[in-house]
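> Return a 3D structure for these sequence lines:
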Amino acid sequence: MSMIALVNYAKEPGSVELRELPVPEIGEDDVLLKVEAAAICGSDLHQFSGKQSWKVNYPVVLGHEFAGIVAKPGARVKAFKEGDRVVSETAAQLPPDSAYIRRGLYNLDPKRLGFGYGVNGAMASFVKVPARCLHRVPESLALEKAALTEPCCVAYNAVCGNSHPRPGDTIAVIGPGPIGLLCAAMAKLAGAGHLIVIGIPADASRLETAKQIGADTVLGAHGEDIIEWVKNLGDGLGVDLVIDAAGVSATLKLALDIVRPAGQITKVGWGPQPLNFSLDQLVQKAVTLQGSFSHNWPIWEKVLSLLSSGKIDLDPILNRISPLSEWRDVFEGMGSGKLVKGVLKP
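The predicted model follows:
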């Protein structure tokens, strides 16, 4: 039995194509998942362009943000049955002796392999998933929206897990890509007193989306002097929390410039470039600088609750739902900024 899958087969830019592959064989602790919706992540775009900074096990089926229906449970799987609506975490393979599993931080294990780069992902008709990765999707939540649980969890962990926002805080999010916009949504839920989303002129349409999500101020679409603007806000000392969700390293300099003394910076955007600037402000301002990566079980449960109750509104972010055959058009739309987020239906 075969299926169609979107395969990233080499490092060279553009090395992605639809291929016919056998349906995966599952083990006793796995399920065979019929994929109903697979969202496109910025990392999929990076692999498409050959610009990723992580190791990829070529050839690999793309896709790590997905939801579907259990087609076949493994022999030892008791918690899920055929027909269950589920969404999957991304930690496809974990070392059994992991110290981080024991701490509940399996997302941080250096030997973790994820769907879409380490093992075959979900931009295909079927995907093999360990049952431990699965969460039930409430009936009130459409599977196309459930496929965005993963990026919502990334944002939740960055804003509500690794950062410490307090109601009334001034919070700035740098980078209005999908993760940045979802971080803005989480900051609003966390009680931001003044929420600022910062981009560049090319982000003009995404900054408009930030307003729909609840940003009080958007900056950068018209070349504003962001540092000067922040100096004229409130007491002029800066913002309480900066979430750096941009995909370049240089934005950390802007974060240091606008954060207030004893404030926080959480970096969730990947930026492999060298910094090439002084970190003296980090010391002088006694700033807490924190990285944030991925998510774990309790975060998924909280986010699914927020999604199913409508407290996270994905309508401004989810711009397009298309068949897998239209993958290139959706990839290019997201890469150009015309689309915020696209979902493919295999």
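> Find the centremost residue of this structure, please.
P151 (3.0 Å; CA atoms, centre = their mean).
> Mind checking what secondary structure the residue of the chain positioned farthest from its centre has?
Centroid-distance maximum for the chain: D235 at 33.3 Å, with CA atoms, centre = their mean. Here D235 is coil, with the state taken from DSSP: H, G, I helix; E, B strand; the rest coil.
> so what's G247 up against?
42, 175, 177, 269-271 (CB atoms under 8 Å, 6 or more residues apart in numbering). Yep, even glycine has a C-beta here, placed from its N, CA and C like the rest.
> I'd like the residues you listed laid out as a markdown table, including neighbour count and distance to I227.
Rendered in a markdown table, the data for the contacts of G247 read as follows (neighbours: other CB atoms under 10 Å; distance: CB to CB, whole Å):
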| residue | neighbour count | distance to I227 |
| --- | --- | --- |
| G42 | 19 | 26 |
| G175 | 26 | 17 |
| G177 | 23 | 22 |
| G269 | 22 | 19 |
| W270 | 18 | 24 |
| G271 | 17 | 19 |
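> List the buried residues of stretch 284-297.
Going by neighbour count (16 or more other CB atoms under 10 Å), the buried part of stretch 284-297 is 285, 287, 289, 292, 294-296.
> Between those residues, which sits nearest A131?
Nearest to A131, judged by CB to CB, of the buried residues of stretch 284-297 is N296 at 16.3 Å.
> Let me see the contact set for that closest one.
N296 touches 89, 104-107, counting by CB under 8 Å, 6+ apart.
> Select from those residues the one having the most neighbours.
In terms of neighbour count, E89 stands highest of those at 25 neighbours, by other CB atoms under 10 Å.
> I'd say that residue and A122 touch.
No: counting by CB atoms under 8 Å, E89 does not reach A122; the two are 11.9 Å apart.
> Please enumerate the helices of the stretch 201-346 of the chain.
Applying DSSP state H, counting those that start in this stretch to the stretch 201-346 of the chain gives helices spanning 204-213, 226-231, 251-258, 280-284, 297-308, 327-336.
> Can you tell me which of those is packed in deepest?
Stretch with highest mean neighbour count among these: helix 251-258 (a mean of 20; mean count of other CB atoms under 10 Å).
> on that earlier part again, how close does the residue nearest to the centre of the chain sit to L275?
Look at P151 and L275: by CB to CB, to the nearest Å, they are 26 Å apart.
> Save the contacts of G247 as TSV, and put in pLDDT too.
Converted to TSV, the contacts of G247 look like this (pLDDT from 0 to 100):
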residue	pLDDT
G42	93
G175	97
G177	95
G269	94
W270	88
G271	86
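> Can you tell me which of those is closest to R112?
Using CB to CB, the contacts of G247 come closest to R112 at W270, 16.0 Å.
> so what's that closest one up against?
Taking CB under 8 Å, 6+ apart, one finds 43, 53, 247 in contact with W270.
> what about it, distance to V259?
Note on W270: its distance to V259, by CB to CB, is 20 Å.
> Tell me the one of the buried residues of stretch 284-297 nearest L314?
H295 (16.9 Å).
> mind checking pLDDT for the closest residue in space to the closest one that isn't next to it in sequence?
Nearest residue to H295 in three dimensions, chain neighbours excluded: C153, at 3.7 Å (CB to CB, 6 or more residues apart in numbering). On pLDDT, C153 comes in at 98.
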